[in-house]
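K.L.:
predicted coordinates and the sequence they were generated for:
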Amino acid sequence: MNTRNTVLFDLDGTLIDTAPDFIRIIKQMCAKYNHPAPTDTAIREQVSAGARAMVKLMFGDELGDVADSNPKLLAYRQEFLDLYEQDICIDSKLFDGLDDFLKTLEKRGVHWGIVTNKPRYLAEQLLAKLHLDTRCSVLVCPDDVANTKPDPEPMLLACQKLNIDPTQAIYIGDHIRDIQAGKTAGMMTMVAKFGYITPNENPNDWGADVIADSVSELIFHTLNWLDDPKPKDRHKDILTFIPQKDSLTDKIILVTGAGDGIGKELALTYARCGATVLLLGKTPSKLEAVYDQIENEHLPTPAILPMDLGQATFAQMNELAHLIQKEFGRLDGLVHNAAILGALTPLEMYDPITFEKVLKINLTAPFMLTQALFELLRASVAGSVIFTSSGVGARPRAFWGAYALSKQSLESVSDLFTQETNRHTTLRFNVINPGATRTNMRAHAFPGENPLTLKTPADIMPAYVYLMTDHAIGIKGQVINCQPK
């Protein structure tokens, strides 16, 4: 079933051509103060930048390089806004073709709405003048949120009001902050290139999913998106990603089981990509060796967090969260890598103590640690959690006992976290199945196997890095197989 059902617009320069009214008011103010008026083109290019930018365009030679709080600038700004409110919609109108498009959306039962940085008292008057106020499904303005675009908060609020998931919406705008906000929220994004964009701006660099040069292209791409029930397959991008030394710059990432195997390779790779890595494991000497290697390569200084997940209590995990909060203030990523194999034996013969230990380390501890670190992850722009699974997670295999059950349940934990957070946060939870990899655990499970035929931990790093990057914002609830068959 196609669940794509919402089209959200920026207001000025995307849905409504408000520039003619701003041009009129700016010329009026320039005449009053005997200032030369900017060209119509120069004014159009500044509309999306807001009232302060337009005041600086008018009186820049007089004001010079002043702060936005400068009293004279604020006085000009208030006069500008007062004039605009008096005659808010003399010449403004929907861009040609968009009224019919909105009618098409309404006939199809598709929500359309507006997320704007325009103050509500002005946005509501403008929409009322154009008889759009009763047609618009949702209007989100700066008055409604603590953080405006490019923060995703306005986008998430719009989705919350419509009771939809962000992946069900497309956001269309004419400024880089529009695309940043939409992408961070997990929406499809489109640039309205016909809007108020300066010659110095290059929309191709904004990272939008689509660029529409005209209204007709906007309509074409939006309808295609609405009619295609299949989400964009990002798995190829994930598996072919080439990590760069700046892929994870300034990110704070915690890796469990960081002392050896895949966990060690993760720690080194993340550090080489610019991240500060928090090394969690039960054997301090192994963590110290990884720490020293990172230091010797002159990479961002890591931190060692000794913890035995088989013995750790929830109180200890909360204490760990407090320490991270005090030192870093947030957590951008969490990789659950630590696991034990347990016994490969029929369930009827499985030792209950071993069974309990496997479930504690492989399942209960990742759940507890995620819960303890939840607010730190939420403090990140788009916190990313990766659960490491296995081929026996998708379908339990005979004789794999507690290990298979723990991995299958771990995938369900990721799915549940995704369902419970997807609509109202930018958090993302995903699962990676490394496949047959050259590790000690693999050697114990398959003692007769030639390890030289297997991928190394380094070979599977692209997926782990990609899901931590900002490229992966919006990728949620996925199971990524590093070695698909």
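P.N.:
Yep, it's here. Residues are numbered from 1 along each chain as shown.
K.L.:
residue 420 and residue 174, how far apart?
P.N.:
34 Å (CB to CB, to the nearest Å). Glycine gets a C-beta too; all of them are placed from N, C-alpha and C.
K.L.:
of these two, who's got more company?
P.N.:
Neighbour totals were compared for residue 420 and residue 174, and residue 174 leads with 25 against 12 (other CB atoms under 10 Å).
K.L.:
ok, longest helix in this structure?
P.N.:
Longest helix in the chain, counting residues (DSSP state H): helix 401-421.
K.L.:
quick check: mean pLDDT of the helix or strand just after it?
P.N.:
Counting by DSSP states H and E, the next helix or strand C-terminal to helix 401-421 is strand 428-433. The predicted model assigns strand 428-433 a mean pLDDT of 96.
K.L.:
tell me which other helices or strands strand 428-433 touches.
P.N.:
strand 384-388, helix 391-394, helix 401-421, strand 479-481 (3 or more CB pairs under 8 Å, 6 or more residues apart in numbering; DSSP states H and E).
K.L.:
so for residue 309, which of the ones you listed sits nearest?
P.N.:
Nearest to residue 309 among those is helix 401-421; the distance by CB to CB comes to 12.2 Å.
K.L.:
tell me which residues in that closest one are buried?
P.N.:
401-411, 413-415, 417-418, 421 (16 or more other CB atoms under 10 Å).
K.L.:
ok, stretch 48-64 next?
P.N.:
48, 49, 51, 52, 54, 55, 56, 57, 58, 59.
K.L.:
can you show me the helices along the stretch 201-350 of the chain?
P.N.:
For the stretch 201-350 of the chain, the helices defined by DSSP state H, counting those that start in this stretch occupy 215-227, 235-239, 261-272, 284-296, 314-327.
K.L.:
could I get those as JSON lines with distance to residue 99 and mean pLDDT?
P.N.:
Shown next, in JSON lines, are those (distance: least, CB to CB, whole Å; pLDDT from 0 to 100):
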{"stretch": "helix 215-227", "distance to residue 99": "11", "mean pLDDT": "88"}
{"stretch": "helix 235-239", "distance to residue 99": "37", "mean pLDDT": "85"}
{"stretch": "helix 261-272", "distance to residue 99": "50", "mean pLDDT": "98"}
{"stretch": "helix 284-296", "distance to residue 99": "58", "mean pLDDT": "98"}
{"stretch": "helix 314-327", "distance to residue 99": "50", "mean pLDDT": "98"}
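K.L.:
tell me the most buried of the ones you listed?
P.N.:
Stretch with highest mean neighbour count among the helices of the stretch 201-350 of the chain: helix 261-272 (a mean of 25; mean count of other CB atoms under 10 Å).
K.L.:
against which helices or strands is that one packed?
P.N.:
Secondary-structure packing of helix 261-272 (3+ CB pairs under 8 Å, 6+ apart): strand 252-256, strand 276-281, helix 284-296, strand 333-336, helix 461-466.
K.L.:
hmm, who's touching that helix?
P.N.:
243, 245, 248, 251, 253, 255-258, 277, 279, 281, 286, 290, 293-294, 297, 299-300, 302, 333, 335, 337-338, 388, 434, 437, 439-441, 456-458, 460-461, 464-465, 468 (CB atoms under 8 Å, 6 or more residues apart in numbering).
K.L.:
narrow those residues to just the buried residues.
P.N.:
Counted by 16+ other CB under 10 Å, those give 243, 248, 251, 253, 255-258, 277, 279, 281, 286, 290, 294, 299-300, 302, 333, 335, 337-338, 388, 434, 437, 439, 457, 460-461, 464-465, 468 as buried.
K.L.:
residue 482: which of the buried residues of stretch 48-64 is nearest?
P.N.:
For the buried residues of stretch 48-64, the minimum distance to residue 482 (CB to CB) is 42.0 Å, reached by residue 48.
K.L.:
what sits against the closest one?
P.N.:
Residue 48 touches 10, 12, 13, 174, 175, 195, 196, 197, counting by CB under 8 Å, 6+ apart.
K.L.:
how near is it to residue 217?
P.N.:
Following CB to CB, the distance that separates residue 48 from residue 217 is 19 Å.
K.L.:
one step back: okay, the angle between the longest helix of the chain and strand 384-388?
P.N.:
Helix 401-421 runs at 160 degrees relative to strand 384-388, counting by axes from the mean of the first three to the mean of the last three CA atoms, to 10 degrees.
K.L.:
and helix 401-421, what does it pack against?
P.N.:
helix 352-359, helix 365-372, strand 384-388, helix 391-394, strand 428-433.
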